[in-house]
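1. Provide a 3D model corresponding to the input given below.
(4 chains)
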There are 2 protein chains.
Amino acid sequence: MPVHLSELKPDANSGTPLYLQLANKLSDAIQDGALQPDESLPSERTLAEVLNISRATARKAIDILHEKGMLLRKRGSGNYIMPRLEQPLASLTNFSEELRQRGFRAGSRWLSRETGVATTQEVVALGLSPCDTVSRLKRLRTADNVVIAIESTTIPGKYLPDPSAVRDSLYGYLYARNLPPSRALQHIGAVNATAEQAQLANIAQGEAMLFITRVSYLENGNAIELTHSYCVGDYYEFVAELRG
Amino acid sequence: MPVHLSELKPDANSGTPLYLQLANKLSDAIQDGALQPDESLPSERTLAEVLNISRATARKAIDILHEKGMLLRKRGSGNYIMPRLEQPLASLTNFSEELRQRGFRAGSRWLSRETGVATTQEVVALGLSPCDTVSRLKRLRTADNVVIAIESTTIPGKYLPDPSAVRDSLYGYLYARNLPPSRALQHIGAVNATAEQAQLANIAQGEAMLFITRVSYLENGNAIELTHSYCVGDYYEFVAELRG
DNA sequence: GAGTGGTCTAGACCACCCG
DNA sequence: GGGTGGTCTAGACCACTCT
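-> Residues are numbered from 1 along each chain as shown, chains lettered A, B, ... in the order given. Sure thing, here's the model as predicted:
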């Protein structure tokens, strides 16, 4: 424990919950290497006493890190920092940030933005009524100016009446209107590129692509987005974390 | 709330924690349809009082269901049952069970079972020393007698000294020896089938396949298994859940 | 204003690990 | 036996929703 414990002390007047502040500070300390793998954290009771919080609050912070896989709990012994696992990038972030984290320059080019009446597939996937209108966005995704995916998105008209309102980032639009997706289901398969896809992505016809279908949901359970992505195999790889 | 609340009462002498018992009973009630979507749960205080437990305990049970996406919490209003989402099959279960749940008859055929010295890739992925021995299993996975995947697994020798000890299920072997994987990272890409793969899987050369690399970890963070799977696109699809 | 979930406290007992 | 995490209790205050 090279850190001064006092640096972890949360601020009771900051507005953010104490347990969240503590979880974030501990997480940062681990990421920065101030806390080393296999090292043990101060005990829950020690943390509580030194930081002037209750043990339940300290515990809740530690629970968060444990749930993220950063800590190993050992009953009767202590809480230990996990040997570093690769972080799954499959969390719900926008595409550009994901690529930027991997060191690429992300870009996109619109193929079309239109409105229309929902197809049967869209009605089912998004939980709409047969006559509802939807907005559709189609674009090419690029990394360092290389096409890495062809992406088609459908959004219910009530959430996006005018598709041209989305300038760069769909997620940016949704967050700005307080419609942040909280969970999503992805179906991932492999397909051979069609002639049209090959031409768009500048690859050979028949080349293997990842075909990803994603439905995103709001916190209240309503579907907000249906996206089909065709991803160039050479550049794109999906990383997922499984739990037992 | 058609159920009698008394049926949810946990047993203090059962050995399993109260909050877990309650979470399971609530979960069952939802799955069975005894609690309908959009219906609200009794308030946390009511649950606590009727079931003779503290609010914190009731809350912890409800937290579990919320984290599983079964409940929608509404501050100042109540806890509501979520409209049913498709369950992601990407949790950490064995292959056979996963297929069985989808209504297939799962099978496998061994191609080879051997021991050897860890390759560089295996050393890195599994956190071994360069001279460590490993066991390697290679097999074909079938559903209703159709080959759907070609799978190669590497396990550190200290966990599996004799590869022929694995009869049918690797996970069965690991659980029996108290080595249950608790989390895993999967990398998922798309590749074109080689001539050899095409012949094994009875598909055309060049056909798109999912290429999945999985590393599984024990609760203590040690890697237990490295698996490469080539999955036939027509039959296999990976389902993942993302979080915000 | 009454009821709800969100946070926090102070204290308790247990099972477990370790020296 | 002393310290640890795992569970549980009985209270408290807040911000929010509903009507």
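2. measure stretch A:30-41 end to end?
-> Taking CA to CA, to the nearest Å, stretch A:30-41 runs 10 Å from one end to the other.
3. any residue of it touching DNA strand C?
-> No: on the criterion CB under 7 Å from any atom of the strand, stretch A:30-41 is out of touch with DNA strand C, staying 10.6 Å away. Just so you know, the C-beta spots here come from the backbone N, C-alpha and C atoms, and that holds for glycine as well.
4. so is that stretch next to DNA strand D?
-> Yes: counting by CB under 7 Å from any atom of the strand, DNA strand D is contacted by stretch A:30-41 at residue A:41.
5. please enumerate residues in contact with that stretch?
-> A:1-3, A:26, A:29, A:47, A:62, A:65, A:70-71, A:77-84 (CB atoms under 8 Å, 6 or more residues apart in numbering or on different chains).
6. off-centre distance for it?
-> 25 Å (CA atoms, centre = their mean, to the nearest Å).
7. quick check: buried residues in that stretch?
-> Across stretch A:30-41, burial judged by 16 or more other CB atoms under 10 Å in any protein chain shown covers A:30, A:35, A:41.
8. okay, those in TSV with secondary structure next?
-> Below are these laid out as TSV (DSSP: H, G, I helix; E, B strand; the rest coil):
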residue	secondary structure
A:30	helix
A:35	coil
A:41	coil
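9. quick one: which of the residues you listed is nearest chain B?
-> residue A:30 (13.3 Å; CB to the nearest CB).
10. tell me how far the closest one lies from residue B:104.
-> 42 Å (CB to CB, to the nearest Å).
11. do residue A:117 as well
-> 37 Å.
12. who's more crowded, these two?
-> residue B:104 (17 against 13; other CB atoms under 10 Å in any protein chain shown).
13. can you pull up the bridge partners for the nearest residue to the more buried one once chain neighbours are set aside?
-> Leaving aside its sequence neighbours, residue B:104 sits nearest to residue B:143 (CB to CB, 6 or more residues apart in numbering or on different chains; 3.9 Å). Beta bridges link residue B:143 to residue B:106, residue B:146 when assigned by DSSP bridges.
14. same question, residue A:81
-> residue A:71.
15. surely it touches residue A:70?
-> Yes: at 6.8 Å, residue A:81 counts as touching residue A:70 under the criterion of CB atoms under 8 Å.
16. helix, strand or coil for residue A:28?
-> Using three-state DSSP, the structure places residue A:28 in helix.
17. so how far is residue B:131 from it?
-> Relative to residue B:131, and taking CB to CB, residue A:28 is found at 38 Å.
18. between the two, who's got more neighbours?
-> Neighbour comparison, residue A:28 and residue B:131: the larger count goes to residue A:28, with 13 against 8 (by other CB under 10 Å).
19. tell me how far that one lies from DNA strand C.
-> 18 Å (CB to the nearest atom of the strand, to the nearest Å).
20. likewise residue A:110?
-> 39 Å.
21. what's downstream of the helix or strand hosting that residue, the next helix or strand?
-> Element membership of residue A:110, judged by DSSP states H and E, is strand A:106-117. On the C-terminal side of strand A:106-117, the closest following helix or strand by DSSP H and E is helix A:120-126.
22. average pLDDT for that following helix?
-> The pLDDT scores in helix A:120-126 average 94.
23. got the contact list for that helix?
-> By CB under 8 Å, 6+ apart, the list of residues contacting helix A:120-126 from outside reads A:118, A:128, A:129, A:130, A:132, A:134, A:154, A:156, A:215, A:223, A:225, A:226.
24. between those residues, which is closest to chain B?
-> Using CB to the nearest CB, residue A:215 comes nearest to chain B of these, at 8.6 Å.
25. what's around that closest one, how many residues?
-> For residue A:215, the neighbour count with other CB under 10 Å is 22.
26. in chain A, which spans are helices?
-> Remark: helices assigned in chain A by DSSP state H are A:18-31, A:44-51, A:55-67, A:95-101, A:120-126, A:170-176, A:195-201.
27. list the contacts of residue A:184.
-> A:92, A:214, A:215, A:216, A:217, B:241, B:242.
28. any chance of CSV for those residues, columns pLDDT and distance to residue A:234?
-> Formatted as CSV, the contacts of residue A:184 follow (pLDDT from 0 to 100; distance: CB to CB, whole Å):
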residue, pLDDT, distance to residue A:234
A:92, 55, 25
A:214, 90, 21
A:215, 91, 27
A:216, 90, 26
A:217, 88, 31
B:241, 77, 26
B:242, 76, 23
